[in-house]
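> Give the three-dimensional model of this entry:
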Amino acid sequence: MMKDSCFGREAYLEIFLKRIRNFKEGYRQNLAIIGDELIGKSSVIFRFLNKFSDNHLIMIYLEGRTEPLASFAQRFIGVLLYNFLINSGMPLKEDLEFLINKSSRHIPKTTEKIRSILAALEKRKKNNIIPDLFHLTESINQETGKSCVVILDEFHSLEGLGVKGIYREWAKLLVLQKNTMYIITSSMKFKTRGLLSKELSLLFGNFEIITIEPFDIKTSEAYLNESLDLKEPAYGLKNFIIHFTGGSPFYLKLIAESINKSPQSKLTEILEDILFEPSGILNQRFSNYLKRFLDLPQNQDYISILYLISSGHNRLSDIANLTRKTKKDLKVLINHLLEVDTITRMGDFLKVNDRVFGFWLKFVYQGKLGSLTFDAKNQKIVFRDKLDEMLQDFIRCSQKPLMERLAELLRLFDNDNLQIEKKRMRLTHFREIKTLEFNSRFLHEGLLGRSSEGTWLLGLKREALTEDDISSFARECKKYRNKLERKIILTFKEVDANTRLRAMEEKIATWDLNNINQLFDLFYKPRVIA
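Residues are numbered from 1 along each chain as shown. Purely as a prediction, here's the structure:
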């Protein structure tokens, strides 16, 4: 059984280490690490802290909490001084007065400032506390030459300290603190992006945003191979788990552990235990998550919207019709769900960010609400049947040729607008879709879609894409001169920089499995696992 909580995150660790090395050499780049809850942000941070050690750098890690300003200040000072003294060779105690006394002989000016801050807090003063607190890192640098790396986990919790204009004050410091590097993390992606683009958008000291994503298909498969005790899982089992979890490390770990505990149980029975049963870990987690909406006005409207999106009605116009609300009123509700990162907007489409939560809403929560009886046994049978139907549909689709599945996907396009990775496109309704065979050594599978507005040409390359493939596909495209609306190559492998540049020159889009699976998700079709 795998014990590495940071499995598959080596690329993020390399970014951290590279930025730290640059910082030591005089080039500071602050980092903002964002990602969904339980995606593994803290695991990456902890692995980085365990892996990195340098006597010339003081690491200050603070987890986000709901607490008074005085408590935050004491924690900040305590961690700062403890890590300053950690290589001194003396036995240390997690006692603030002890740490101040021991540090005073090495950094007297800094400890004097610390006592001044603590005295002000005793008098319940808040003005300038945050600037004075964060400036302690520069004070230590002036006295010792050591620089500091401040890591604020779930940094948006700073808002709860009750300090007016806290981001404005912090922004001033970020520009001036040349010897302090900040790494912030947040599960509130929407809000954090807004703060970084507005209040913390700086000429100097700005943040590089790194988004921690779910595992890709290859990493998810490797994780399950190492985690599952089963030598030969049933056909399609691993692929279905990857599809069902969307590559979330938390869900992959939970399901793998559950399978190992009950190797004789069917997957449907295991998912029933954790999702349907009142004591199930995910049933409890998702039930508690919904409670955050119960104190809001129109609380049932939020839950109805989430259920509709999960059930396949993920366009704003569809939701407006089904809820009988005006688009103006609906927009207010949608915006709140966006702001708390429950959903994401992709052009005309909406999606629930947590796909397992969406499944639970559709088949567990709403199933129990819609039941005409309180017969839990009957509800369980219905749930199990729905889950088994989902599994069989996935297996059935997996056995179809990929070009057939892609053609079926294109037939669902209905002139909706889509935004993927900051690029907008119109999903044209095609009047004709047909498969093609290209006269190329490696790139020989394709699709043609024709509409009244233009033509889409899509090529498929299962192996690594090369510059020659781009040139070959560009020649095929010239056969449809002045008619092509979209030129796309789908590849299963990562595209190297030179090939991507060549594709851009030819105005050819390169899509990977993640891109195409986003489309399958939006149309509620099983993902391609390859």
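> Now that I395 has come up, it's in contact with G236, right?
Yes. I395 is in contact with G236 according to CB atoms under 8 Å; the separation is 4.4 Å. In short, each C-beta sits where N, CA and C put it, glycine included.
> which outside residues touch stretch 311-329?
If you take CB atoms under 8 Å, 6 or more residues apart in numbering as the criterion, stretch 311-329 is touched by 301, 304-305, 308-309, 330-331, 333-334, 348-351, 362, 366, 416, 522, 524.
> Please repeat the previous calculation with a cut-off of 7 Å.
Contact partners of stretch 311-329, identified using CB atoms under 7 Å, 6 or more residues apart in numbering, comprise 301, 304-305, 308, 330, 348-351, 362, 416, 522, 524.
> for those, which one is nearest K109?
K351 (53.3 Å; CB to CB).
> Check the offset of the strand or helix carrying that closest one from the chain's centre.
Taking DSSP states H and E as the criterion, K351 maps to strand 349-352. Mean-position distance between strand 349-352 and its chain equals 15 Å (CA atoms, centre = their mean, to the nearest Å).
> by contact count, what packs against it?
helix 299-310, strand 343-346, helix 513-522 (3 or more CB pairs under 7 Å, 6 or more residues apart in numbering; DSSP states H and E).
> how about these in CSV, adding mean pLDDT, mean neighbour count and distance to R355?
Formatted as CSV, the helices and strands packed on strand 349-352 follow (pLDDT from 0 to 100; neighbours: other CB atoms under 10 Å; distance: least, CB to CB, whole Å):
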stretch, mean pLDDT, mean neighbour count, distance to R355
helix 299-310, 93, 19, 9
strand 343-346, 94, 18, 11
helix 513-522, 94, 19, 7
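> Kindly provide the distance from the closest residue to T137 other than its chain neighbours to T192.
Distances taken as CB to CB, 6 or more residues apart in numbering put C148 closest to T137, at 3.8 Å, once the chain neighbours are dropped. Computed with CB to CB, to the nearest Å, the distance linking C148 and T192 is 22 Å.
> To M403, which of the helices and strands packed on strand 349-352 lies closest?
Closest among the helices and strands packed on strand 349-352, using CB to CB: helix 513-522, at 12.1 Å.
> Please work out which residues outside the closest one touch it.
Contact with helix 513-522 is made by 216-217, 314, 346, 349, 351, 409, 420, 490, 492, 526-528, 530, as judged by CB under 7 Å, 6+ apart.
> taking these one by one, which sit in helices?
If you go by DSSP state H, the contacts of helix 513-522 have 217, 409 in helices.
> So what's the residue count around G78?
Neighbour count for G78, taken as other CB atoms under 10 Å: 18.
> Name all residues that make contact with the closest residue to it other than its chain neighbours.
Excluding the flanking residues, the one nearest G78 by CB to CB, 6+ apart is L96, at 5.2 Å. Residues near L96 by CB under 7 Å, 6+ apart: 74, 77-78.
> one more time with 10 Å, if that's ok
L96 sits next to 74-75, 77-78, 81-82, 114, 118 when contact means CB atoms under 10 Å, 6 or more residues apart in numbering.
> biggest separation within those, which pair?
Of all pairs in these, the most separated under CB to CB is Y82 and L118 at 15.9 Å.
> So which of these two has more stuff around it?
Using other CB under 10 Å as the criterion, Y82 and L118 rank with Y82 on top: 20 against 16.
> Would you mind measuring from that one to Y524?
51 Å.
> which residues of the stretch 301-450 of the chain score low on pLDDT?
In the predicted model, the stretch 301-450 of the chain carries pLDDT under 70 at residues 368-375.
> Brilliant, that's me finished.
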